[in-house]
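Engineer: my questions are about this predicted structure, shown below with the sequence.
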Amino acid sequence: MSEDKPATSRSTILKALEIALKTGRVTRKYPFAEPLITDEFRGRIEIDEEKCIGCGACVLACPPNALELIEENGQRMIKYFIGRCIYCWRCIDVCPVNAIRGTRDFELATDNIDDLVDIVVHDMVKCSSCGSAFMTIRQKIYVIKKAPLTENYIDKDPKCRREKTLNALLKRRGGVMKYE
Amino acid sequence: MSEYIKKSIWVFHLNTGSCNACDIEILDALTPYFDAERLGVKLVVSPRHADALLLTGPITYESLPKVIRAIEAVPRPRFILALGSCAVGGGIWHDTYSTIGGVPELLKILKNRGIEVDGVYYVPGCPIRPEALIYAVGILKGILQKKVKMRVRKAIA
């Protein structure tokens, strides 16, 4: 019986060697070869500044606020901070002009956090009565194209528009009140 | 690339309240399939033996004192690899009551306490791919170059 033991262990080793030879080398040579990514993989998003109208639908849809809307000096900025993005691609679903494209890019490591910021700057339209900026120029063009009737009142911001409508209504009713 | 790191980097795995997805990917990177040990990455059990911390999670207030103690225990030169969206920018927890919101906020606290960190490497991903970790190690060792850059683009109406 004791003489059989080395024979069995030798056969086990041979069996293991056979499996190892059949499997071959499994290690990926990643930094020096192609990464293992499939079509289902979701990477960072890419905003097309030629198509984007700056409506902010993606900002409302973004769960971790990786996309932010900043308005200052008559300009609207859409700021994409890759470091907070969870790659859910909801912004791609809600974009009305298909300006956002998903990529398979995952090689985003950096030593400076400012590298992870991507900003698209839009010029804004000013209200004809009060002068406050309220929508982007491209958004205005898009809205007029979609609903031509809006052209009559689109140059006023929502607050001035409400004021004007209510004052007209009160005047018609014969009142002297003024909506502030 | 850092001029301090010339040999293999030994890493200490520090979970600061993450959902464990990034932790699983770290272990995946260390298996024979992706094999980060090709680049000299070795997982050690104490921060006193480590060169770099693999920090995952948005750093909860509960874990903050322990994180500071672990960073103090790492000998200089010390590096932090912030792994995953939570560690880089707070992720989905960036404005919750119980987290400080990622490594940028941690660095401010460390600066106030006089604890120096020689380099922070940010690795976004939710969760990170094992390749993303290997890529970050490549940047740290100077084998690879970073690809992302800050962009400000003007939409011409």
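Structural biologist: That came through, no problem.
Engineer: doesn't B:Val88 make contact with A:Gly83?
Structural biologist: Yes: counting by Cβ atoms under 8 Å, A:Gly83 touches B:Val88, with 3.7 Å between them. Quick note: C-beta positions are derived from backbone N, CA and C, even for glycine.
Engineer: got any residues that touch both of those two?
Structural biologist: A:113, A:116, B:102, B:122, B:124 (Cβ atoms under 8 Å, 6 or more residues apart in numbering or on different chains).
Engineer: out of the residues you listed, who's nearest A:Glu40?
Structural biologist: B:Pro124 (19.0 Å; Cβ to Cβ).
Engineer: list the buried residues in the helix ranked longest in chain A.
Structural biologist: Longest helix of chain A, by residue count under DSSP state H: helix A:4-23. Buried residues in helix A:4-23, counted by 16 or more other Cβ atoms under 10 Å in any protein chain shown: none are found.
Engineer: immediately after it, which helix or strand?
Structural biologist: Note on helix A:4-23: by DSSP states H and E, the next helix or strand toward the C-terminus is strand A:45-47.
Engineer: which elements pack onto that following strand?
Structural biologist: Helices and strands touching strand A:45-47, by 3 or more Cβ pairs under 8 Å, 6 or more residues apart in numbering or on different chains; DSSP states H and E, are strand A:75-81, strand A:100-102.
Engineer: which neighbouring elements make contact with the longest one?
Structural biologist: Spelled out, it's strand A:75-81. Under the contact definition 3+ Cβ pairs under 8 Å, 6+ apart, strand A:75-81 sits against strand A:45-47, strand A:67-72, strand A:117-126.
Engineer: tell me if the longest one is near chain B.
Structural biologist: Right, the one you point to is strand A:117-126. Yes: residues of strand A:117-126 contacting chain B under Cβ under 8 Å from any Cβ of the partner chain: A:117-123.
Engineer: name the nearest of these relative to A:Glu72.
Structural biologist: A:Val121 (10.4 Å).
Engineer: now do stretch A:14-25: distance to the chain's middle.
Structural biologist: What separates the centre of stretch A:14-25 from the centre of its chain is 47 Å, taken as Cα atoms, centre = their mean, to the nearest Å.
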